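# Predicted model follows, preceded by the sequence.
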Amino acid sequence: MASNLTFPDSVYVYNENVKGVDFKSLERFIKKNFGKISLKVIRIKEKIVATKGVLFDPVKTKTNFDKVIHSRSPGLSLGYGCNVILTDKLIATFDEDKKLHIRASIYSFPSIISISGIVEGPAKPKDYYLYKDRFTKLGVWEIEEPKIKKRFKTRFIDYGDRRMTEVLKGYVSQALFFHITGNPFCEKRYCRLFNSHWQEGLIHSQVKVGKFCRHHKKQLCILQFSKH
C-alpha cells in the first residue's frame, strides 16, 4: 500500500489574514502525526478564494492561486507540497439536491478551509433552531440571540472560538489525507477525519476525542516510515 501513497514535503497554509489561530500548536500537531511533513504558514495580502456571491468559483480561485505562487517565487519551486488556503470567506457549492450548501472545506489542488464555513456549515443543535424560529417570529431574535448562543456555547463552534485551532487540526489533516490517498474522510465519529454535518459531531471528533482511528493511525505509521 505504501508504494501507492503520494507524500508531500510540506503542507503550505496560505493565510488570507485569518486571525486567532495558534499556528505553533498546529505545526506541532503536524510534526507529531505526519512525521517529516512540515507545516509552513504563508501570510498573504492577496485574496485567492473567489466566489460569485457565496458560490465557490474553482477556476478563478486556481488562477488567483497560480498568480500568487508566481509573484512570490517566479521560476522557483516551493517543493512538492500540499497547498491549503485558509480564508474567512463564506463558500458554498451545489450538492446532489441541487441546493447551495455552505462548506467548511473543499479538498482539491489547492484545498480550501473556510473559518466562516466551519461556523456556518455544520448544523447547530436542533433546539437552537427552535429558539431561533420562535424568537424570529416574535421579532426579537436580534435581542435574544446572544443569550441563546451563550446557552449553547459548548455545543457549537462560533467566531473567535478558542477551540478553532483544535478543529483546524482535523481539517488540515483531511487536506493532507486527500493529497496523500485521495480520500480525506473517515466514517468513524472518533476520528480526526470524520466529516461531521453537525456541530456537536465536529466538537466530538476534533475536541473531545482529538485522535485518529486505528485504521488511519496505521496509515500515519506507514507514512512516517515510508517517506524518503
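It's in.
# Which strands or helices does the helix ranked longest in the chain pack on?
Looking across the chain with DSSP state H, the single longest helix is helix 164-181. Secondary-structure packing of helix 164-181 (3 or more C-beta pairs under 8 Å, 6 or more residues apart in numbering; DSSP states H and E): strand 10-15, helix 23-34, strand 81-87, strand 105-106, strand 111-114, helix 115-120, helix 214-226. C-beta coordinates here come from the backbone N, C-alpha and C atoms, glycine included.
# Point out where the chain drops to low pLDDT.
Along the chain, segments meeting pLDDT under 70 span 1-6, 73-79, 225-228.
# If we use 50, what do you get?
Along the chain, the model assigns pLDDT under 50 to residues 1-3, 75-77.
# buried ones in the next helix-or-strand element following the longest helix of the chain?
Later in the chain than helix 164-181, the nearest helix or strand by DSSP states H and E is helix 199-203. With burial defined by 16 or more other C-beta atoms under 10 Å, the residues of helix 199-203 counted as buried are Gln199, Glu200, Leu202, Ile203.
# and the gap between Pro110 and Arg72?
14 Å (C-beta to C-beta, to the nearest Å).
# And for Leu39?
18 Å.
# neighbour count winner among those two?
The neighbour comparison of Leu39 against Arg72 (other C-beta atoms under 10 Å) goes to Leu39, with 21 against 13.
# Which one, of the helices and strands packed on helix 164-181, ends up nearest to Phe178?
strand 111-114 (6.5 Å; C-beta to C-beta).
# Can you name every helix or strand that that closest one contacts?
Strand 111-114 sits against strand 81-87, strand 105-106, helix 164-181, with contacts defined as 3+ C-beta pairs under 8 Å, 6+ apart.
# Just list whatever residues bridge to Ile85.
Tyr14, Ile112 (DSSP bridges).
# list the contacts for it?
Neighbour list for Ile85: Val13, Tyr14, Glu16, Ile48, Val49, Thr61, Phe65, Pro110, Ser111, Ile112, Ile113 [criterion: C-beta atoms under 8 Å, 6 or more residues apart in numbering].
# Kind regards, and thank you for your time.
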